[in-house]
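Participant: got a predicted structure plus its sequence, pasted below:
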2 protein chains.
Amino acid sequence: MADALSIGTLAKATGTKVETVRWYERVGLLPAPARTRGNYRSYGRAHLDRLSFIRRARDLGFTLAQLRGLLLLADQRDRSCEEVDAIARTHLGEVERKIADLQALRRELADIIDRCGHGTVADCRIIEALSPPPAGAR
Amino acid sequence: MADALSIGTLAKATGTKVETVRWYERVGLLPAPARTRGNYRSYGRAHLDRLSFIRRARDLGFTLAQLRGLLLLADQRDRSCEEVDAIARTHLGEVERKIADLQALRRELADIIDRCGHGTVADCRIIEALSPPPAGAR
DNA sequence: CCTTGACCCTATAGTTGCTACAGGCCCCAT
DNA sequence: ATGGGGCCTGTAGCAACTATAGGGTCAAGG
């Protein structure tokens, strides 16, 4: 083949660690490639595409389980788009919830830092803010 | 002692699972308490306070490593507050980065869902959108 | 031609922050 | 004295990798 890639080359091309590539293979996300005479993995274009897909989806926060679902759908191209859409929608909901949670957290942290008097730890308001909340407040 | 708590009572009071309390002890976040004649853990007020602190900081997303730093500082009350402030600020930065990432992700998912007609996977843009990035980006 | 060193192989253990058993004690009320 | 809670230790499991040990392979330089 014109484009036979070693695992290291594939890893570099996709911003993945070699060990992670092997791990994706072991858990069935990336199909096992052909081997060279010396038992080295030999990847082709399809592997590069698929690994790019995997990495991108991971970056976007899809779990490996969701990813498996997407890949299964991608492999059966006559299937309805609705299932893929549903997965994406579910994920969008989760993302929005995460954003809201983090924004609340950010406000709280900012408040805490705001109150830090830069004195000694003894009167540090950060420690204070993290200390047990008043009874009844939680 | 007037306020000797069993592990179960302590756990309930702080919204922690019993196993988690023991685990905090094993990893050195919560000091090992005295034991009763029957070898039960017996906690006092100090443990309650410290565990509340731990739980609150965990809720705010501090890692156990950061927590260890905070607790170490909290124990040295004549130290400057600046280190505490720095830990909190670092954490705030991380939180803000995550929010930005998630907002980018949200945009992307919304676009994807938007473009997804209800045809077959063959023209589903979700798969496409997550396929290998343009040549220049690799 | 042979050696060196970068790469690759498998297998296994470690990471973070818990959670969930399994197989036993202990304690209190009935 | 017995039944059921709660407690004890120790171990294994979850995601999603990461890192190590102990080797084999390959291409280039001396």
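Facilitator: The structure has been received and is ready for your questions.

Participant: is stretch A:22-41 anywhere near DNA strand C?
Facilitator: Yes. Stretch A:22-41 comes into contact with DNA strand C (CB under 7 Å from any atom of the strand), by way of A:22, A:39-41. No exception for glycine: its C-beta is placed from N, CA and C like everyone else's.

Participant: restricted to helices, list the residues you listed.
Facilitator: The helices, defined by DSSP state H, take in A:R22 from the residues of stretch A:22-41 next to DNA strand C.

Participant: and A:L5, backbone torsions?
Facilitator: The phi and psi values for A:L5, taken as degrees, to the nearest 10, are phi -110, psi 140.

Participant: and it, what pLDDT?
Facilitator: In this model, A:L5 is scored at 95, pLDDT.

Participant: average pLDDT for stretch A:30-41, rounded please.
Facilitator: The average pLDDT within stretch A:30-41 is 96.

Participant: now A:P31, what's its secondary structure?
Facilitator: At A:P31 the chain is in coil, as set by DSSP: H, G, I helix; E, B strand; the rest coil.

Participant: how close does it sit to A:K98?
Facilitator: Distance of A:P31 to A:K98, given as CB to CB, to the nearest Å: 32 Å.

Participant: tell me which of those two has more neighbours.
Facilitator: A:K98 (17 against 11; other CB atoms under 10 Å in any protein chain shown).

Participant: any idea which helix or strand carries that one?
Facilitator: Here A:K98, judged by DSSP states H and E, is contained in helix A:81-114.

Participant: want to throw the residues of stretch A:22-41 next to DNA strand C into JSON lines with distance to B:V18?
Facilitator: Below are the residues of stretch A:22-41 next to DNA strand C laid out as JSON lines (distance: CB to CB, whole Å):
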{"residue": "A:R22", "distance to B:V18": "38"}
{"residue": "A:N39", "distance to B:V18": "49"}
{"residue": "A:Y40", "distance to B:V18": "50"}
{"residue": "A:R41", "distance to B:V18": "46"}
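
Participant: pull out the buried members of the residues of stretch A:22-41 next to DNA strand C.
Facilitator: A:R41 (16 or more other CB atoms under 10 Å in any protein chain shown).

Participant: out of the residues of stretch A:22-41 next to DNA strand C, who's nearest B:I112?
Facilitator: Nearest to B:I112 among these: A:R22, at 29.7 Å, using CB to CB.

Participant: need the contact list for that closest one.
Facilitator: A:R22 is in contact with A:I7, counting by CB atoms under 8 Å, 6 or more residues apart in numbering or on different chains.

Participant: now chain A against DNA strand C: closest residue?
Facilitator: Nearest residue of chain A to DNA strand C (CB to the nearest atom of the strand) works out as A:G8 at 2.5 Å.

Participant: what residue ranges in chain A score low on pLDDT?
Facilitator: A:1-2, A:74, A:76-80, A:117-138 (pLDDT under 70).

Participant: around DNA strand D, pick out the residues from it.
Facilitator: Residues of chain A lying close to DNA strand D by CB under 7 Å from any atom of the strand are A:17, A:19-20, A:23, A:36-40, A:58, A:63-65.

Participant: change it to 10 Å
Facilitator: Proximity of chain A to DNA strand D, by CB under 10 Å from any atom of the strand, involves residues A:6, A:11, A:16-24, A:26-27, A:29, A:35-40, A:54-55, A:57-59, A:61-68.
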